[in-house]
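*Asks:* Next input, structure requested:
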Amino acid sequence: QVQLVESGGGLVQAGGSLRLSCVASGRTFSSYVSGWFRQAPGKEREFVAGISRGGGSTSYADSVKGRFTISRDNAKNTVYLQMNSLKPEDTAVYYCAARPGLVVTSFGYDYWGQGTQVTVSS
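*Replies:* Modelled structure (predicted):
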């Protein structure tokens, strides 16, 4: 079992930056692929970014490539999402997720945090 707690959300103007953090507790965090997802009002939850257990492999949604960076620090049981050049369409609740395995995917995540709100004003 893995418990995930996100932080770092808030209100930012378009063009600004935020860094989200997700702290994991429970079983060895380095055994899990980690990901960030988001859900905007009236829309389905969507994959944003994922990172392999050791951090050497990452994957991004096309809508955030070049603007967002996912990273992890297994010594701190933490995964990060650095978000730059934010746009109003990035407004959503952002969720951290984890899954056992080796391959970074956009699906199949078993453990979820409760989410943190990100609001980008125009």
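*Asks:* where does the protein dip in pLDDT?
*Replies:* 27 (pLDDT under 70).
*Asks:* can you rerun that using 80?
*Replies:* Applying pLDDT under 80 to the chain picks out residues 26-27.
*Asks:* Next, find the distance separating the residue nearest to the spatial centre of it from residue 122.
*Replies:* By CA atoms, centre = their mean, the chain has its centre lying nearest to residue 36, at 2.4 Å. Distance, residue 36 to residue 122, by CB to CB, to the nearest Å: 23 Å. Every residue, glycine included, has its C-beta placed from N, CA and C.
*Asks:* What are the phi and psi values at residue 89?
*Replies:* As for residue 89, its main-chain torsions (degrees, to the nearest 10) stand at phi -70, psi -10.
*Asks:* before we move on, the earlier item: contacts only, for the residue nearest to the centre of the chain.
*Replies:* For residue 36, the contacting residues are 20, 22, 48, 49, 50, 70, 79, 81, 94, 95, 96, 97, by CB atoms under 8 Å, 6 or more residues apart in numbering.
*Asks:* Can you show me the strands along this protein?
*Replies:* 2-7, 10-13, 18-26, 32-39, 46-51, 58-60, 68-73, 78-83, 92-100, 111-112, 116-121 (DSSP state E).
*Asks:* Pick the most deeply packed of those.
*Replies:* strand 32-39 (a mean of 24; mean count of other CB atoms under 10 Å).
*Asks:* quick one: strands adjacent to that one?
*Replies:* Partners of strand 32-39 in the sheet, by DSSP bridges, are strand 46-51 (antiparallel), strand 92-100 (antiparallel).
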